[in-house]
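Visitor: Here's a sequence, model it:
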Amino acid sequence: MLCAGGGKGLIIRIIAIVVPIGVILAVFFVGFGFLCRKVKKYLSIRQDNVRDEISNRDNLQFALEEIETATDNFSDNNKIGVGGFGEVYKRLNIQPLFIGTEYN
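Guide: Numbers count the residues shown, from 1 in each chain. Next up is the predicted model:
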């Protein structure tokens, strides 16, 4: 039981502490929920874009003549190393590679 003299003040103090903490926790959880939803949507869109690029096999295939030209007919001077699928060559800048609005 609350004391007769200080009971009302104690209840007000408890309410003054509990209500702001509850509001802060509610705002935190709502914000966290929105953040999780936004990240999930971003990752889903990104994964779909990667799937689309990989499934488009035209992006992954080159004509032998293009590869021979780019590697200077598989010159040992352009060989970087050996990977899991064979030898790795650096690409010569025969023609500029167009990316966006700049030439590399």
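
Visitor: Spatially central residue for the chain, please.
Guide: In the chain, the C-alpha closest to the average C-alpha coordinate belongs to residue 43, at a distance of 6.3 Å (Cα atoms, centre = their mean).

Visitor: Break down this protein into its helices, ranges please.
Guide: Listed in chain order, the helices of the chain (DSSP state H) span residues 7-55, 64-70.

Visitor: Give me whichever of the ones you listed is most buried.
Guide: Stretch with highest mean neighbour count among the helices of the chain: helix 64-70 (a mean of 12; mean count of other Cβ atoms under 10 Å). Where you see a C-beta, it was placed from the backbone N, CA and C, and this is true even at glycine.

Visitor: Give me the mean pLDDT for that helix.
Guide: Mean pLDDT, computed over helix 64-70, is 84.

Visitor: One more: stretch 22-31?
Guide: 97.

Visitor: Off-centre distance for that stretch?
Guide: 26 Å (Cα atoms, centre = their mean, to the nearest Å).

Visitor: And stretch 35-55, by the same measure?
Guide: The answer for stretch 35-55 is 8 Å, by Cα atoms, centre = their mean.

Visitor: Can I get the helices of the chain in JSON lines including distance to residue 85?
Guide: Formatted as JSON lines, those follow (distance: least, Cβ to Cβ, whole Å):
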{"stretch": "helix 7-55", "distance to residue 85": "16"}
{"stretch": "helix 64-70", "distance to residue 85": "13"}
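
Visitor: about what we covered before: check the residue nearest to the centre of the chain and give its pLDDT.
Guide: For residue 43, pLDDT reads 85.

Visitor: Any regions of this protein where pLDDT drops low?
Guide: 1-6, 53-60, 92-104 (pLDDT under 70).

Visitor: and the residue nearest to the centre of the chain, how far is that from residue 51?
Guide: Distance, residue 43 to residue 51, by Cβ to Cβ, to the nearest Å: 12 Å.

Visitor: And the nearest residue to residue 91 once chain neighbours are set aside, how close does it get to residue 49?
Guide: Nearest residue to residue 91, sequence neighbours excluded (Cβ to Cβ, 6 or more residues apart in numbering): residue 70, at 4.8 Å. Distance of residue 70 to residue 49, given as Cβ to Cβ: 26 Å.
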